[in-house]
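>>> Sequence first, then the predicted structure, then my questions.
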Amino acid sequence: MPYSILGWVSTGLLALLILPYLLVQINKAFIKGKNKGLLKVIRFLRKLHKPTGIVLLLVAAYHGYLALGSIRLHTGIVLFLFALATVVLGGSFYRLKDKKLLKLHRVLSLMTIVMFFIHFFFPRLFS
Ligand code: HEM
Ligand code: HEM
């Protein structure tokens, strides 16, 4: 089913968005900058970060349109709103360079991940 494929593509994009953060933590805790390849991968993923956020919104919206077909209270819609807020804050931080916005961007990205698990395991929680 196309909606299902697009749901998985969205999941992959979301993973790609938080991967640099996870790799930075792994690097700090275990590798301590000794693996130059890993540092290159992190730099590359950071370049992809902004366009990936925008593409996620487009793919997720189409996935949601195919899967649900209407606007009503659903875990998918709530997930989309969290992702949208995360993207808006990411873009705002990029423009304004205010540390508070980056903090909020991080907190909202965590909330987006939590909401993803709710959407995945209990899709009809709100219906
Ligand atoms: C970041 C955004 C999103 C991600 C990562 C995501 C991911 C997924 C995944 C992985 C599935 C399961 C597909 C399968 O079972 O093969 C799914 C199902 C579904 N999604 Fe999403 N989704 C997102 C946004 C949305 C939005 C915006 C909507 C609706 C407006 C939505 C509506 C649905 C519906 C109705 C299902 C079927 C659930 C059921 O079985 O009842 N999703 N989604
Ligand atoms: C749903 C989409 C997004 C998620 C889940 C997400 C997640 C994250 C996370 C977890 C961090 C922290 C990285 C760290 O502290 O090392 C981060 C950093 C950042 N994000 Fe996002 N982000 C998203 C979309 C965007 C978008 C669309 C933009 C800009 C247009 C953006 C701009 C930034 C910037 C400038 C940083 C800080 C610098 C960097 O680490 O590269 N983000 N994002």
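Here it is on my side, so go on. Ligands and ions are numbered 1, 2, ... in the order given.

>>> Tell me which helix or strand comes right after whatever helix or strand I42 lives in.
Using DSSP states H and E, I42 sits within helix 36-68. Counting by DSSP H and E, the element after helix 36-68 in chain order, helix or strand, is helix 75-96.

>>> Okay, buried residues for that following helix please.
75-80, 82-87, 89-90, 93 (16 or more other C-beta atoms under 10 Å). Quick note: C-beta positions are derived from backbone N, CA and C, even for glycine.

>>> got the residues of this protein near ligand 2?
17-18, 21, 24, 46, 49-50, 53-54, 56, 83, 86-87, 90-91, 93-94, 102, 105-106, 109, 112 (C-beta under 6 Å from any ligand atom).

>>> try 5 Å
Proximity of the chain to ligand 2, by C-beta under 5 Å from any ligand atom, involves residues 17-18, 21, 24, 46, 50, 53, 83, 86-87, 90-91, 94, 109.

>>> what about the helix holding I42, average pLDDT?
Mean pLDDT, computed over helix 36-68, is 97.

>>> What parts of this structure come near ligand 1?
Near ligand 1, when you scan the chain using C-beta under 5 Å from any ligand atom, you find 4, 7, 10-11, 60, 64, 67-68, 76-77, 79-80, 83, 123.
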